[in-house]
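1. Quick check, what structure comes out for this input:
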Amino acid sequence: DSAEASPLVVFENIEKCSPKCLQMLLENVSGLTVDADFTVELIPEINVAVATFIKSIDTEEFVKKCSQHKRVREFKMTAKLLELTQTIKAENLPDSISTDYLTVYFESTRNGGGPVSDVQLLPEENAAIITFCDHRGNT
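-> This is a model prediction of the structure:
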């Protein structure tokens, strides 16, 4: 299979599971350790969490395990692979932001970035659309 599976898994309907409980649950399902093997980012505004696997695992198999796991089902959470994309939207940007600054920022490996092919400012929304050369630069 030449398709590369995303190292990012989205968990929806997380409101019944505390952040610490979610981390322990993912450790139980995956057999891995939080922080060393994966990280979890909560996005409470939309009731989701994103697990990013640092250690290379079969994320498709992990998603399947989650959907069959008793506790995951009790919490009524769902898991799915986060689609890989080359484009992201950055919001709440200051009025004075430049395309050059955004390009350098999003190309910083320290920020999880990668080579940027295009930056499109959306001044009326205080946002920008950043397009990476490949999908690896947008984590």
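2. Would you mind confirming that Ala79 makes contact with Phe11?
-> Yes - if you go by CB atoms under 8 Å, Ala79 and Phe11 touch, sitting 5.4 Å apart. From N, CA and C alone the C-beta is placed, and that goes for glycine too.
3. Overlap of the contact sets of those two?
-> Counting by CB atoms under 8 Å, 6 or more residues apart in numbering, the contacts common to Ala79 and Phe11 are Cys66.
4. of the two, who's got more company?
-> Per other CB atoms under 10 Å, whichever of Ala79 and Phe11 has more neighbours is Phe11, with 25 against 21.
5. if I've got this straight, the more buried one is in a strand?
-> Yes - applying DSSP: H, G, I helix; E, B strand; the rest coil, one finds Phe11 inside a strand.
6. for the one helix or strand in the chain whose mean pLDDT sits lowest, the distance to its chain's centre please.
-> The helix or strand of the chain with the poorest confidence is strand 87-90; it has a mean of 90 (mean pLDDT, DSSP states H and E). On the basis of CA atoms, centre = their mean, to the nearest Å, strand 87-90 sits 12 Å off its chain's mean C-alpha point.
7. the domain parsing of the protein - what is it?
-> 8-81, 87-132 (the TED database).
8. Okay, buried residues for stretch 105-125 please.
-> Using 16 or more other CB atoms under 10 Å as the test for burial, stretch 105-125 gives Tyr105, Phe106, Glu107, Gly113, Gly114, Val116, Val119, Leu121.
9. Just read off the phi/psi values of the third one.
-> Just to be clear, that refers to Glu107. phi -90, psi -10 (degrees, to the nearest 10).
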